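Chemist: Below: sequence and its predicted model.
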Amino acid sequence: MEHENRVVAALEHGQPPLLSKTTTSNPFFHTSSATEEGSLTILHLRRDNLVPVTLRRTADDGYAEGAVTNTRFGSFPHSTLIGLEWGSQVRASRVDTGSRGRKGKAAKQQDASIQIDNRLPTPDPQHDISNGCHTAAEEIGQPTRSTAVDAGSGFIHLLPPTPEAWTASLDHRTQVVYTADYSYVLQRLRVRPGSRMIEAGAGSGSFTHAAARAVFSGFPEDSHVGELKQVGKVYSYEFNVSRVGTLREEISAHGMDEIVQLTFRDVCERGFLFPIGFDTTPHAEAIFLDLPKPWEALRHLTRSSTPSESALNPDVPVHLCTFSPCIEQVMATTAYLRKNGWTEIEMIEVQNHRIDVRREQVGLKNEGLRGVNASAATVEEAVARLREKGGPWRHIQSKAERLEKLRKEAEERKLYKEGNLVHRTEPEVKTHTSYLVFAVLPVDFTDGDEEACMQQWSVDDIMKVEKPPTNGVK
């Protein structure tokens, strides 16, 4: 209870709560060669349909096979998914719900009480255990897990968790930043291992996972992380308390507690600094704002004579990106940036279209084949077919005979070389994008810095040119 009160108080005051250190390994940073029990796995159903699942051997959901994931392509017991290499294809299984069916909460509690009351007494020493008459599960009334049976149709592929796969599979609590946008944003912000980054507007956590992978340079307790090596950090802010709670659970489950610091706060009103008792400033060198009014948050991102009073790194230029769906937001943001010393202001829109490339085959000789246009390719071919049908009745072939003849001819043809190679872009872009505004805030250069440079690199020394010896010759 004390821990819960501390977390709630931290959320109310905009402080990063003191969470217990996670013991879960990070599947996004360190992936094993095969799936394991308790590991996060992405089930690839189709190109645009991915499902995240945490693998378990047992589950109290009424299936005799244990934990089962049901999809449109069949049912997949987790026992058939554990221990396989990534990329493996797994066929669907026939599952048995048993005579119990799916039970409600009250029925499960009643069954549990009955199981406790009906437990067998201490076995008689003379009882022969080697006969295998009773198993431990049977003695306490628990059902034994049956072996999965291949259904004969339907399959999925197992993919390791990556930010790209997580973006395609996560629950969209808000409009998310997709791979095409955040890959370009991270490159333009010069985010690399060891960087410290601010993200305002965490939402569903799509950009959060990508940024955490980009800044990851090791955990603070790792032996290879020395004192001189900076540990990468993402300082994420979100003003919606329900989204903060859900995203915090995901970050903890994915082992990112020490890389991502999530704070419940409206940064437009309260800024980015932390109270006394925490690291008061992020000292960020990259900023990503996914806010309705980013210019209101920019007033808290300024240089200060006292480094502890600014959220920015005072020693390096700071790169900024705002994510705005409306051009009016872009205009207001760029106007504020120009007035407050930001340079290299630029707006970009990423329009990513998938191109489908295939061979198109047209002709009557392709009749009966899949994926082709079995119509006349030329006038001559159409006239030849009319003459064939208009000839003597004894020479007319039935449709079945004609298709059988074409199939035999197709076995000798090189279909992969025939036809025309055509391509087209997808008619509808199934993604969400916005206008990206980039800017750079240079390092402050004071009069003292200029005087120090003058003393270190004197103009006279730079302009001085040694005269070559003349040896008495003019």
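Modeler: Arrived safely, thanks for sending.
Chemist: all contacts plus neighbour counts: C-alpha atoms, from now on.
Modeler: OK.
Chemist: quick check: domain ranges of the protein?
Modeler: 32-121+134-160, 164-349, 359-425 (automatic domain parsing).
Chemist: Quick one: the ones you listed as TSV, columns for mean neighbour count, distance to His432 and mean pLDDT too.
Modeler: Conversion of those to TSV gives the following (neighbours: other C-alpha atoms under 10 Å; distance: least, C-alpha to C-alpha, whole Å; pLDDT from 0 to 100):
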stretch	mean neighbour count	distance to His432	mean pLDDT
domain 32-121+134-160	16	14	75
domain 164-349	18	7	89
domain 359-425	13	17	69
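Chemist: Turn those domains into CSV, including distance to Leu441.
Modeler: Formatted as CSV, the domains of the chain follow (distance: least, C-alpha to C-alpha, whole Å):
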stretch, distance to Leu441
domain 32-121+134-160, 38
domain 164-349, 5
domain 359-425, 38
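Chemist: Out of the ones you listed, which gets nearest to Tyr435?
Modeler: Nearest to Tyr435, of all these, is domain 164-349, at 5.0 Å by C-alpha to C-alpha.
Chemist: How far does that closest one stretch from one end to the other?
Modeler: 20 Å (C-alpha to C-alpha, to the nearest Å).
Chemist: what's the distance between the residue nearest to Ser310 when sequence neighbours are not counted and Glu85?
Modeler: In this structure, Ser310 finds its nearest non-sequential neighbour in Ser304, 5.7 Å apart by C-alpha to C-alpha, 6 or more residues apart in numbering. Distance from Ser304 to Glu85, counting by C-alpha to C-alpha: 52 Å.
Chemist: same question, Ile251
Modeler: Taking C-alpha to C-alpha as the measure, Ile251 falls 25 Å from Glu85.
Chemist: before we move on, back to that, touching, the residue nearest to Ser310 and Asp315? I think so.
Modeler: No - with contact defined as C-alpha atoms under 8 Å, Ser304 does not count as touching Asp315 (11.9 Å).
Chemist: Looks to me like the residue nearest to Ser310 is in a helix.
Modeler: No - Ser304 sits outside any helix when classified using DSSP: H, G, I helix; E, B strand; the rest coil, being coil.
Chemist: follow-up on the earlier one: please identify which of the domains of the chain is closest to Asp444.
Modeler: domain 164-349 (7.4 Å).
Chemist: For the stretch 301-450 of the chain, just list every one of the strands.
Modeler: Here the stretch 301-450 of the chain has its strands, by DSSP state E, counting those that start in this stretch, at 318-324, 343-349, 355-360, 420-425, 435-441.
Chemist: Let me have those strands in a markdown table, adding distance to Thr334 as columns.
Modeler: Shown next, in a markdown table, are the strands of the stretch 301-450 of the chain (distance: least, C-alpha to C-alpha, whole Å):
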| stretch | distance to Thr334 |
| --- | --- |
| strand 318-324 | 10 |
| strand 343-349 | 7 |
| strand 355-360 | 34 |
| strand 420-425 | 33 |
| strand 435-441 | 8 |
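Chemist: out of those strands, which comes closest to Phe29?
Modeler: Smallest distance to Phe29 across these (C-alpha to C-alpha): 25.0 Å, for strand 318-324.
Chemist: got the angle for that closest one vs strand 343-349?
Modeler: Orientation check (axes from the mean of the first three to the mean of the last three C-alpha atoms, to 10 degrees): strand 318-324 against strand 343-349 gives 30 degrees.
Chemist: what's the helix or strand for Trp295?
Modeler: helix 294-298 (DSSP states H and E).
Chemist: For that helix, which outside residues touch it?
Modeler: Here helix 294-298 makes contact (C-alpha atoms under 8 Å, 6 or more residues apart in numbering) with Val267, Cys268, Glu269, Gly271, Thr322, Ala332, Thr333, Tyr336.
Chemist: Could you find which two of those are furthest from each other?
Modeler: Maximum distance among these (C-alpha to C-alpha): 19.0 Å, for Gly271 and Ala332.
Chemist: Excluding chain neighbours, what is closest to Met347?
Modeler: Leaving aside its sequence neighbours, Met347 sits nearest to Val437 (C-alpha to C-alpha, 6+ apart; 4.4 Å).
Chemist: ok, now how distant is the one you found from Ala297?
Modeler: 14 Å.
Chemist: wait, Thr208 sits on Tyr235?
Modeler: No - Thr208 is not in contact with Tyr235 according to C-alpha under 8 Å; the separation is 9.3 Å.
Chemist: Give me the common contacts of the two.
Modeler: Shared contacts of Thr208 and Tyr235 (C-alpha under 8 Å, 6+ apart): Glu199, Val260.
Chemist: Trp166 is in what secondary structure piece?
Modeler: Assigned by DSSP H and E, Trp166 falls in helix 163-169.
Chemist: Can you name the residues in contact with that helix?
Modeler: Contacts with helix 163-169, where a contact means C-alpha under 8 Å, 6+ apart, come from 28, 42, 48-52, 176, 178-179, 206, 209-210, 213.
Chemist: and the residue nearest to Ser310, how far is that from Val440?
Modeler: Counting by C-alpha to C-alpha, the gap from Ser304 to Val440 is 16 Å.
Chemist: And the strands of the stretch 301-450 of the chain: which comes nearest Ser79?
Modeler: strand 355-360 (36.8 Å).
Chemist: helices or strands next to the closest one in the packing?
Modeler: Helices and strands touching strand 355-360, by 3 or more C-alpha pairs under 8 Å, 6 or more residues apart in numbering; DSSP states H and E, are strand 420-425.
Chemist: With just CA atoms, put the strand it packs on into CSV.
Modeler: What follows is strand 420-425 as a C-alpha-only set of coordinates in CSV (Å, rounded to 0.1, in the frame of the first residue of the first chain):
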residue,chain,number,x,y,z
ASN,A,420,4.8,-8.0,-69.1
LEU,A,421,6.4,-6.8,-65.9
VAL,A,422,4.0,-4.2,-64.4
HIS,A,423,4.0,-2.2,-61.2
ARG,A,424,1.7,0.2,-59.5
THR,A,425,1.6,2.0,-56.1
